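1. sequence unknown, structure follows:
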């Protein structure tokens, strides 16, 4: 019944969402729900959550968390809901030939998923996450504490405000890249924070600003990794090259969609 209601409301993965709601109410997991279809559930508690999902509120905001790279992260409407495709940044970063004690910066950290995941996967790295939103930084700090991740979080606008002595071996970012007039799903349009979504009229505003700034903050042979929209590979790669990055590459995700642009700062730069 719940799955049918969500499907009628236009929810893409109605059956999965209904199962996750049931698991949340039962304080269990989806496997338990699938193997115990006749288990009693608090219908009043479930009903309020189903109604919120019918209104197209994102499921992570309803449940209060989202899985990312095998870990559960706290999320609220103050931050974007983590997307599975963003895991590609982590996978690329972990393959890079960074120093054992590499300095890593996550620009626009939001809920902290990239910073915390990288710090947890590579505890020897020294990871910093920055964001303009004090609320987002509080959520990121909570996620770091949940996994005992030694991440330094700073309130900062992009890559400005650093002293000349501060530099990094790796900078990662999933910046706002949606065009101002883009046609979005209700989950995004109505509920997710607009400041973390929109990248100006073309969606490239922050790339134009952050890519040259990142080059200044990178050490020689340091790397910049940025997530992009599905059609932004060529223009963002061009911005990398114009800023003086070498070995620029547009990398696809598992669906074959352009997802991450990478480049390194040449030794002579």
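-> Here it is on my side, so go on. Remember, predicted model here, so these are calculated numbers, not experimental data.

2. got the domain ranges for this protein?
-> As given by automatic domain parsing, the domain ranges for the chain are 2-55, 79-264.

3. measure the last one end to end?
-> Distance between the boundary residues of domain 79-264 (C-alpha to C-alpha, to the nearest Å) amounts to 29 Å.

4. mind checking the pLDDT average for that domain?
-> For domain 79-264, mean pLDDT rounds to 92.

5. again with the first one
-> Per-residue pLDDT values across domain 2-55 average out to 81.

6. out of the domains of the chain, deepest packed?
-> Among the domains of the chain, domain 79-264 has the highest mean neighbour count (mean count of other C-beta atoms under 10 Å), at a mean of 19. (C-beta placed from N, C-alpha, C; glycine too.)

7. ok, back up a step: I'd like the domains of the chain written out as TSV, with distance to residue 66 added.
-> Shown next, in TSV, are these (distance: least, C-beta to C-beta, whole Å):
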stretch	distance to residue 66
domain 2-55	11
domain 79-264	5
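
8. helix, strand or coil for residue 6?
-> Put simply, residue 6 is helix when judged by DSSP: H, G, I helix; E, B strand; the rest coil.

9. my read is that it contacts residue 18, right?
-> Yes - with contact defined as C-beta atoms under 8 Å, residue 6 reaches residue 18; the gap is 5.8 Å.

10. who touches the residue most central in space within the chain in this structure?
-> Nearest to the mean C-alpha position of the chain, counting by C-alpha atoms, centre = their mean, stands residue 82 at 4.6 Å. The contact partners of residue 82, taken as C-beta atoms under 8 Å, 6 or more residues apart in numbering, are 60, 66, 68, 73, 75, 111, 113.

11. list the ones among those residues that fall in strands.
-> Secondary structure defined by DSSP state E assigns 66, 68, 73 of these to strands.

12. helices of the stretch 101-250 of the chain, start to end?
-> In the stretch 101-250 of the chain, the helices defined using DSSP state H, counting those that start in this stretch lie at 113-121, 134-146, 186, 205-217, 233-242.

13. I figured residue 106 hits residue 172, correct?
-> Yes - contact criterion C-beta under 8 Å: residue 106 and residue 172 qualify, at 5.3 Å.

14. overlap in contacts of the two?
-> 114, 118.

15. state the pair within the contacts of residue 82 that is farthest apart.
-> Across the contacts of residue 82, the longest distance by C-beta to C-beta is 11.3 Å; it joins 60 and 113.

16. rewinding a little: out of the contacts of residue 82, which is nearest to residue 268?
-> residue 113 (34.5 Å).

17. next up, the contacts around that closest one.
-> 68, 69, 73, 82, 86, 143.

18. and those residues, which two are furthest apart?
-> So, the contacts of residue 113 by C-beta to C-beta: farthest apart are 86 and 143, at 14.2 Å.

19. what segments of this structure are strands?
-> 65-68, 71-74, 103-107, 126-131, 151-155, 168-173, 218-227, 246-252, 258-264.

20. so for residue 2, which of these sits nearest?
-> Closest of those to residue 2 is strand 65-68, at 19.7 Å (criterion: C-beta to C-beta).

21. hang on, the earlier thing: can you redo the contacts of residue 113 as CSV with distance to residue 195?
-> Listed next are the contacts of residue 113 as CSV, based on distance: C-beta to C-beta, whole Å:
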residue, distance to residue 195
68, 21
69, 24
73, 19
82, 17
86, 18
143, 19
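
22. tell me which of these is nearest to residue 202?
-> Nearest member of those to residue 202, counting by C-beta to C-beta, is residue 86, at 21.3 Å.

23. what sits closest to that closest one if chain neighbours are left out?
-> Nearest non-adjacent residue to residue 86, counting by C-beta to C-beta, 6 or more residues apart in numbering: residue 174, 5.6 Å away.
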